[in-house]
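1. Return a 3D structure for these sequence lines:
(one chain, ligands or ions: 1)
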Amino acid sequence: MELEKPITSPFRVLVIAAHPDDIEFGAAGSVAVWSASGAEVTYCIVTDGAAGSNEKDVIYDQLVQRRKDEQNTAAEIVGVKEVVFLGYADGALTPSMELRRDLTRLIRRIKPDRVLIMDPTIVLLSGEGFDYINHPDHRAAGEASLYAVFPSAETRPIFPELLEEGFEPHHVNELYLMLSDKPNITVDVSAVWDKKIQSLLSHRSQLDESVVDMIRMWDQAAGKELGLAYAETFRKMSFINATPQKDTPAE
Ligand SMILES: [Zn+2]
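-> Okay, the predicted model is just below:
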């Protein structure tokens, strides 16, 4: 397991997740670290979060708005400037071409150095004292994001309509996968752990303080190997740009 080195040059990160609150569980500490070191972080939430209540008399428009407000607050706490909501139906997400195109457009607009997504390969997870069926929206958002990163974002002939809209190809250097079963990089979040919890607890419609003990256990376990108080781990993949874009001026 490798410890992530601090970001030292201008850096852009795009984090893509299925639901409001997904990022806060596994990555808000890392986001706080990155933005504190000057990185510009953008969030994209793919679904509208409307399945976030099983109450009979829930008013969906109000729930969707509340979850947006909660997500914006959660983002602000860890220094995120922009949250993009794509508004797909919660609970029924598929890795469609429409979604892949929307995410490709976003990657070409933001031009991130690093994209953090949900690991689409995870179907079943078991840990100490828990079994978990990965939510199908997580896998769908993960798969669409993965293929937006490669090949769609960097390949000119894919989605020619995006060129007409003015979005030129963009090569992503680094991919981070959250909730992976093959983590290979650790981010030390000890200094920002309180912020992470504050960010997570912004999702008041979904959770309360009773969740904190579980996250403490996870993050302490993640830090154990490297002797850190609290950590988040990811699977990191790095991509060398093999096809320099002659038409794209260097930035
Ligand atoms: Zn979720």
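
2. so Lys148 touches Arg109, yeah?
-> Residue 148: Ala, not Lys. No: Ala148 lies out of contact with Arg109 (Cβ atoms under 8 Å); the separation is 11.9 Å. C-beta here means a position set from N, CA and C on the backbone, and glycine is covered the same way.

3. So Phe159 sits against Leu103, correct?
-> No: taking contacts as Cβ under 8 Å, Phe159 lies outside contact range of Leu103: 10.5 Å.

4. shared neighbours of those two, anything?
-> Ser152 (Cβ atoms under 8 Å, 6 or more residues apart in numbering).

5. So which of these two has more stuff around it?
-> Leu103 (28 against 21; other Cβ atoms under 10 Å).

6. From the ion, how far out is that one?
-> Distance of Leu103 to the ion, computed by Cβ to the ion, to the nearest Å: 17 Å.

7. Please report the number of neighbouring residues for the residue in the chain positioned nearest to the ion.
-> Closest contact between the chain and the ion, by Cβ to the ion, is at His19 (3.6 Å). Residues contacting His19 under the criterion other Cβ under 10 Å number 25.

8. Now do the helices in the stretch 151-251 of the chain.
-> Ranges of helices in the stretch 151-251 of the chain, per DSSP state H, counting those that start in this stretch, are 160-164, 193-200, 212-224.

9. hang on, the earlier thing: so Ala148 and Arg109 - more neighbours on which side?
-> Using other Cβ under 10 Å, the more surrounded residue of Ala148 and Arg109 is Ala148, with 28 against 17.

10. pLDDT score for the residue of the chain closest to the ion?
-> Reported pLDDT at His19 in the predicted model: 97.

11. next one: Ala50
-> Looking at Ala50, the pLDDT reads 92.

12. same deal with the one 5 residues further on?
-> We note a pLDDT of 87 for Glu55 in this prediction.

13. again with Ile240
-> 85.

14. neighbours of it, just the number please.
-> By the criterion of other Cβ under 10 Å, Ile240 has 6 neighbours.

15. Return the residues of the stretch 1-150 of the chain in contact with the ion.
-> Within reach of the ion by Cβ under 5 Å from the ion, the stretch 1-150 of the chain has these residues: 19, 22.

16. What ranges does the stretch 1-150 of the chain have for its strands?
-> 2-3, 12-17, 40-47, 82-88, 114-118, 124-127, 130-133 (DSSP state E, counting those that start in this stretch).

17. In TSV: these, plus mean neighbour count.
-> Listed next are those as TSV, based on neighbours: other Cβ atoms under 10 Å:
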stretch	mean neighbour count
strand 2-3	12
strand 12-17	25
strand 40-47	24
strand 82-88	17
strand 114-118	26
strand 124-127	10
strand 130-133	9
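
18. Let me know the outermost residue of this protein.
-> Within the chain, the residue lying farthest from the chain centre (Cα atoms, centre = their mean) is Asp57, at 31.0 Å.

19. looking at it, His135 is touching Ala18, isn't it?
-> Yes: assessed by Cβ under 8 Å, His135 is found in contact with Ala18 at 6.8 Å.

20. These two: which is more packed in?
-> Taking neighbours as other Cβ under 10 Å, His135 and Ala18 compare with Ala18 leading, 28 against 17.

21. Please report how far that one lies from Thr73.
-> 19 Å (Cβ to Cβ, to the nearest Å).

22. now swap in Ile133 and tell me
-> 29 Å.

23. picking up where we left off before, which residues touch the residue of the chain closest to the ion?
-> Per Cβ under 8 Å, 6+ apart, neighbours of His19: 45-47, 49, 52, 90, 135, 137-138.

24. got the phi/psi numbers for it?
-> Main-chain dihedrals, His19, degrees, to the nearest 10: phi -120, psi 150.

25. Report how many residues lie close to Glu76.
-> 13.
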